[in-house]
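K.L.:
Task: produce atomic coordinates for the following.
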Amino acid sequence: MSPSIAATRFSFLDRSRTREGHDGPQALRDTVRLAGVVESLGFHRFWVSEHHSVPGVAGSAPTVLAAAVAAATSVIRVGTGGVMLPNHQPFVVAEQFGVLASLFPGRIDMGLGRSVGFTDGIRRALGRDKQDADDFAGQLSELLGWLDGTQQAHPQVHARPAEGLRIPPYVLATGEGASIAAAAGLPLVVGDLRGREKLLHAVDVYRREFRPSAWAREPYVVVAGTIAVAGTAEAARRLLVPEAWSMAYARTHGTFPPLAPAERIEQLAMTEKERRLFESGMRGHLAGTEETVASELELVIKETGADEVLVTTSTYDREALEDSLRRLARTAGLSGTGTAPAGGTAGSAE
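P.N.:
Okay, the predicted model is just below:
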């Protein structure tokens with residue numbers, strides 16, 4: 001095991017993807033159950049995501065789902081990857097995380113993204129428009145002000161019980177978002193591993209422009225991506241098939257299907273465009289045996305200087321996914337206690 005891998009935290013983000021033959025409620029229950037597995041393997045965090053009116057994704061209310069996950073676990077940090085701040089009033093976000101942090105002290109992370117509902121209909125339902133994403137920096141500043149009691153716009157209003165609580169914020173971003181995270185002095189979550197050049201540029205901008213803050217004394221980089229580990233390279237590759245096909249189908253039909261078994265997908269008669277998109281979706285991830293993935297992880301960590309790796313793997317076969325996570329935990333030398341590996345270089349991040 002590489003010293004740099006051993007000094008790196010590993011965490012997991014679950015998107016609550018639905019599977020053929022399983023409905024949305026089952027997907028949410030699967031998420032909560034998986035959190036217990038991830039905790040037992042020694043991963044540092046378990047995060048959930050926010051998607052609105054997306055077929056194939058059940059996770060629409062991340063703070064509610066995070067509460068269920070935190071209640072079902074005991075030591076792993078729990079958070080959001082992320083709450084899309086342009087979809088919400090910062091005051092309400094502060095209140096929600098204040099409740100979470102009060103119920104589960106010392107375990108809650110506040111991962112924040114800058115996307116807004118991806119169709120006009122969803123944006124109207126949310127009471128938002130595309131321009132709301134343009135002021136992410138201002139929304140972020142307001143939210144942090146509600147937490148530390150420094151917001152000036154509403155001096156008689158307080159975000160209880162959030163005000164004064166230590167709720168670590170993280171910014172999910174690339175491009176301009178990396179600069180926003182740096183200016184605010186917050187940890188950065190950046191991905192994915194397939195766009196290595198774009199990822200490295202964002203990390204470079206973030207480190208160069210970072211300004212220490214009360215939230216983080218130094219830069220902290222979390223690199224996110226799909227990682228699949230199995231006994232053979234072919235078994236690992238098959239773990240990628242359901243999500244790759246789901247993305248290819250969405251880009252040709254405009255809707256995400258539930259994740260399907262790899263065996264059935266590989267028998268499909270795909271159109272030329274579907275095949276091209278599917279094969280593109282299969283490339284660039286970290287997939288293979290433990291030895292292969294360890295070598296590739298070593299390179300990623302060396303290139304990015306990542307403090308943490310956030311695994312985002314989705315697949316149809318839940319048993320195979322859990323086996324992949326067990327193999328990754330072994331590769332990373334995780335302790336199985338839900339804490340960061342000894343010797344971690346986490347800086348001031350939680």
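K.L.:
Quick check: residue 312 touching residue 194?
P.N.:
No. Residue 312 lies out of contact with residue 194 (Cβ atoms under 8 Å); the separation is 11.5 Å. (C-beta placed from N, C-alpha, C; glycine too.)
K.L.:
Identify the contacts common to the two.
P.N.:
Jointly contacting residue 312 and residue 194 under the rule Cβ atoms under 8 Å, 6 or more residues apart in numbering are residue 225.
K.L.:
In terms of neighbours, single out the busier of those two.
P.N.:
The neighbour count for residue 312 versus residue 194, taken as other Cβ atoms under 10 Å, is higher for residue 312 (22 against 15).
K.L.:
If you count neighbours, what's buried in stretch 19-26?
P.N.:
By neighbour count with 16 or more other Cβ atoms under 10 Å, stretch 19-26 contains the buried residues 19, 22, 24.
K.L.:
could these go into JSON lines alongside pLDDT, distance to residue 335 and secondary structure?
P.N.:
Shown next, in JSON lines, are those (pLDDT from 0 to 100; distance: Cβ to Cβ, whole Å; DSSP: H, G, I helix; E, B strand; the rest coil):
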{"residue": "19", "pLDDT": "94", "distance to residue 335": "31", "secondary structure": "strand"}
{"residue": "22", "pLDDT": "93", "distance to residue 335": "32", "secondary structure": "coil"}
{"residue": "24", "pLDDT": "90", "distance to residue 335": "34", "secondary structure": "helix"}
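K.L.:
which of those lies closest to residue 154?
P.N.:
Nearest to residue 154, judged by Cβ to Cβ, of these is residue 24 at 36.8 Å.
K.L.:
That closest one touches residue 17, doesn't it?
P.N.:
No. Contact criterion Cβ under 8 Å: residue 24 and residue 17 do not qualify, at 10.0 Å.
K.L.:
which residues do those two both contact?
P.N.:
Counting by Cβ under 8 Å, 6+ apart, the common neighbours of residue 24 and residue 17 are residue 58.
K.L.:
where's the lowest-mean-pLDDT helix or strand in the chain relative to the chain centroid, distance-wise?
P.N.:
When each helix and strand of the chain is scored by mean pLDDT, DSSP states H and E, helix 120-126 comes last, with a mean of 72. For helix 120-126, the separation from the chain centroid amounts to 23 Å (computed by Cα atoms, centre = their mean, to the nearest Å).
K.L.:
Also stretch 195-211?
P.N.:
The answer for stretch 195-211 is 18 Å, by Cα atoms, centre = their mean.
K.L.:
Kindly export that stretch (C-alpha atoms) in PDB.
P.N.:
Taking Å, rounded to 0.1, in the frame of the first residue of the first chain, the C-alpha atoms of stretch 195-211 are listed here in PDB:
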ATOM      1  CA  GLY A 195     -11.700  15.200 -17.200                       C
ATOM      2  CA  ARG A 196      -8.200  15.100 -15.700                       C
ATOM      3  CA  GLU A 197      -6.900  18.300 -17.400                       C
ATOM      4  CA  LYS A 198     -10.000  20.300 -16.300                       C
ATOM      5  CA  LEU A 199      -9.700  18.900 -12.800                       C
ATOM      6  CA  LEU A 200      -6.000  19.800 -12.500                       C
ATOM      7  CA  HIS A 201      -6.700  23.300 -13.700                       C
ATOM      8  CA  ALA A 202      -9.400  23.800 -11.100                       C
ATOM      9  CA  VAL A 203      -7.200  22.500  -8.300                       C
ATOM     10  CA  ASP A 204      -4.400  24.800  -9.400                       C
ATOM     11  CA  VAL A 205      -6.600  27.800  -9.500                       C
ATOM     12  CA  TYR A 206      -8.000  26.900  -6.100                       C
ATOM     13  CA  ARG A 207      -4.600  26.500  -4.400                       C
ATOM     14  CA  ARG A 208      -3.200  29.600  -6.000                       C
ATOM     15  CA  GLU A 209      -6.100  31.800  -5.000                       C
ATOM     16  CA  PHE A 210      -7.000  30.300  -1.600                       C
ATOM     17  CA  ARG A 211      -7.300  32.800   1.200                       C
END
